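Novice: okay, sequence plus prediction incoming.
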Amino acid sequence: MLALPHSVDGFATRRDCRRKCQILNRQGAAVNFPSQRDSTFKGCADALDWGDLHPRSEDLREVLHRSEAARVSCDRPQLALRCGPRLGLINGLRRILFCHYDVGNANALRVEMMPTSKQRSEQHLIDQEGEKLLRSKLPRPWVVHEYRPDYGLDFSIEVFKPSDGARSKRSMYATLGEHFFLQLKSVENAKVRPLAIYSRRNVEKETERVDRSDKVTDLDTYCVQIETTELVTVERMGIGVPVLLVIADLSARRCSFVCLNDYIDKILIPRHEDYRGRDSRAIHVPVRNEIGTDYGHSAMRWYAKRPKLLAAFQRFTFQDAELRWARDADWRGLAEFFAKKISAYDFWDDTEMCFLIPYLGAALRRFVATGQPGLIEVSKTVDESITKFLESAEFRAHTEESDVFELWRRLALLPRNYEDVWREWFLPTALGHLAFAP
């Protein structure tokens, strides 16, 4: 509390005011002049300029109301000034006190600083509602791990599936060892706008060249600005673990997503000479990539399997090269050893969104069971001489060998397909639309 008698008015400097207060105290007056170290005055700066104050001509209530700095209430014989959080600048308040104290008024001016506390913004409530919406859309057995502190990654999602042959009467779920990261942006009233999609050349072989004369479709998307620092963080992570940007549209009760790793590699880098040249970049999130739908569920499961697939692709490439090197030696024994190792992968029957992987998985199991994958079939012919050649031991041995090597050739092609085509699935591009449209 600060009580000042009328005789303090008229002193233009803080030093003069302090000196006068000391004189008045020696004369018996109760005057308290708070120091700069007073806890109620910490962290304060000037609120109003001296030139804005006219103590003789303007009422204190009008000055403060005009500055929107505080709320003023007057009850005689004292004027109570309650300073809200918008004031927070006590030097200007001191000037108001000393300049506006009327010499003819013997009443004291009392100042009470209202206690300040932590504030919760509206965006905090929106973020909370967005997180609740996201959790309600994800499959119930999946686990959401929060990331704290947050440096651009809000959650890690762990994928589960129903256990096979569970003895308990209750449903049991087994973890697949599959994860992906998630960055959540909650919006109260998100706007959906159509994005024109045009055909373009292969961006893995050159910069983006769009054919404006060949419009493929108009794709409904959410457009959101993402800070470049966050995009660079995702780029540095590589493509091994996907980072999905999720837009939680509270008004539509919808969560849609796009893979930031692939968006950077397939759109931003080919489109811009240096996408890092701006503070932020616009990211278009396809509305149809919706969590909670069959389409969106397949997409998330596809992304969650990425670390497994990339590791397996590396092994397929290695095995294919080693098998070719051993073609003049015991290649069959090596192929059988390789097949036993890779046939144990659990994704062969769990990637229905990519038919080629289960197809090759079935051929691999046929090779383990029968010694032949059955990818090459010899057609029947009516020509007796050709039939005799096809049934010869020499041709049969050549066909069986080629059949096995064809299996590993196709396995080694999977990473090329993945990089060239499959990583554009679910992106707002022509290839993403045509290769994997719902």
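Specialist: It's in.

Novice: rest of the way, CA atoms for contacts and neighbours
Specialist: Noted.

Novice: now do the contacts for residue 216.
Specialist: Neighbour list for residue 216: 196-199, 430 [criterion: CA atoms under 8 Å, 6 or more residues apart in numbering].

Novice: pretty sure it sits in a strand.
Specialist: Yes - checked against DSSP: H, G, I helix; E, B strand; the rest coil, residue 216 lies within a strand.

Novice: pLDDT score for it?
Specialist: The score at residue 216 is 95. That number is its pLDDT.

Novice: ditto for residue 12
Specialist: pLDDT, residue 12: 40.

Novice: start at 43, not 1
Specialist: I'll keep to 43 as the first residue from here, and by that count the last item is residue 54.

Novice: all helices for this protein, in order.
Specialist: Along the chain, the segments classed as helices by DSSP state H run 56-68, 102-109, 132-141, 164-179, 270-279, 302-305, 311-313, 336-346, 348-367, 373-384, 398-412, 426-432, 435-462, 472-477.

Novice: partner residues bridging the residue sitting nearest the centre point of the chain?
Specialist: Taking CA atoms, centre = their mean as the criterion, residue 225 is the residue nearest the geometric centre of the chain, at 2.1 Å. In this entry, residue 225 is beta-bridged to residue 287, by DSSP bridges.

Novice: what's the closest of the contacts of residue 258 to residue 263?
Specialist: residue 238 (10.1 Å; CA to CA).

Novice: what's the neighbour count on that closest one?
Specialist: Counted by other CA atoms under 10 Å, the residues lying close to residue 238 total 15.

Novice: that one against residue 256, yeah?
Specialist: No - at 10.6 Å, residue 238 does not count as touching residue 256 under the criterion of CA atoms under 8 Å.

Novice: so which of the contacts of residue 258 belong to strands?
Specialist: 238-241 (DSSP state E).

Novice: can you point out the buried residues in stretch 314-325?
Specialist: Buried residues in stretch 314-325, counting neighbours by 16 or more other CA atoms under 10 Å, are found at 317-318, 322-323, 325.

Novice: so which of those sit within strands?
Specialist: Using DSSP E, the buried residues of stretch 314-325 in strands are 322-323, 325.

Novice: where does this structure have low pLDDT?
Specialist: 43-158, 207-211, 422-427, 431, 479-480 (pLDDT under 70).

Novice: domain-wise, how is it divided?
Specialist: 48-155, 165-346, 350-469 (automatic domain parsing).

Novice: using TSV, lay out the ones you listed together with distance to residue 477.
Specialist: Formatted as TSV, the domains of the chain follow (distance: least, CA to CA, whole Å):
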stretch	distance to residue 477
domain 48-155	56
domain 165-346	12
domain 350-469	7
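
Novice: and for residue 179, the neighbour number?
Specialist: With other CA under 10 Å as criterion, residue 179 counts 17.

Novice: mind checking how far it is from residue 478?
Specialist: 22 Å (CA to CA, to the nearest Å).

Novice: mind checking which of the helices of the chain is nearest residue 296?
Specialist: Of all those, helix 164-179 comes closest under CA to CA, at 7.8 Å.

Novice: list the buried residues of the closest one.
Specialist: 168-169, 171-173, 175-176, 179.

Novice: report the distance from it to the chain centre.
Specialist: 14 Å (CA atoms, centre = their mean, to the nearest Å).

Novice: can you give me the end-to-end distance of stretch 206-222?
Specialist: End-to-end for stretch 206-222, by CA to CA: 24 Å.

Novice: show me what it is in contact with.
Specialist: So stretch 206-222 is contacted by 183, 198-205, 283-286, 345-347, 349-350 (CA under 8 Å, 6+ apart).

Novice: how much space separates the closest residue to residue 215 other than its chain neighbours from residue 319?
Specialist: Nearest non-adjacent residue to residue 215, counting by CA to CA, 6 or more residues apart in numbering: residue 204, 4.2 Å away. As for residue 204, its distance to residue 319 is 47 Å (criterion: CA to CA).

Novice: what's the answer for residue 193, then?
Specialist: For residue 193, the distance to residue 319 - CA to CA - is 21 Å.

Novice: so what's the residue nearest to residue 295 when sequence neighbours are not counted up against?
Specialist: Residue nearest to residue 295 in three dimensions, not counting chain neighbours: residue 175, with 7.1 Å by CA to CA, 6+ apart. Going by CA under 8 Å, 6+ apart, residue 175 touches 290, 292, 295-297.

Novice: for residue 221, see how far away residue 311 is.
Specialist: Distance from residue 311 to residue 221, by CA to CA: 26 Å.

Novice: the more surrounded of those two?
Specialist: For residue 311 versus residue 221, neighbours defined as other CA under 10 Å are more numerous around residue 221 (25 against 16).

Novice: and for the residue nearest to residue 246 when sequence neighbours are not counted, the neighbour number?
Specialist: In this structure, residue 246 finds its nearest non-sequential neighbour in residue 462, 6.9 Å apart by CA to CA, 6+ apart. Neighbour count for residue 462, taken as other CA under 10 Å: 15.

Novice: just give me the neighbour total for the residue lying closest to residue 471 once chain neighbours are set aside.
Specialist: Using CA to CA, 6+ apart and skipping the chain neighbours, the partner closest in space to residue 471 is residue 239 (6.1 Å). Using other CA under 10 Å, residue 239 is surrounded by 20 other residues.

Novice: surely residue 239 meets residue 262?
Specialist: No - with contacts defined as CA under 8 Å, residue 239 does not count as touching residue 262, sitting 10.3 Å away.

Novice: mind putting the contacts of residue 258 in CSV, distance to residue 341 included?
Specialist: Formatted as CSV, the contacts of residue 258 follow (distance: CA to CA, whole Å):
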residue, distance to residue 341
238, 22
239, 20
240, 23
241, 22
472, 17
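
Novice: of those residues, closest to residue 336?
Specialist: For those, the nearest to residue 336 is residue 472 (21.5 Å; CA to CA).

Novice: what pairs with the residue nearest to that closest one when sequence neighbours are not counted across the strands?
Specialist: Distance criterion CA to CA, 6+ apart; nearest residue to residue 472, sequence neighbours excluded, is residue 241 at 5.4 Å. In this structure, residue 241 bridges to residue 253 when assessed by DSSP bridges.

Novice: what about residue 241, distance to residue 235?
Specialist: Distance, residue 241 to residue 235, using CA to CA: 19 Å.

Novice: and residue 286, by the same measure?
Specialist: 20 Å.
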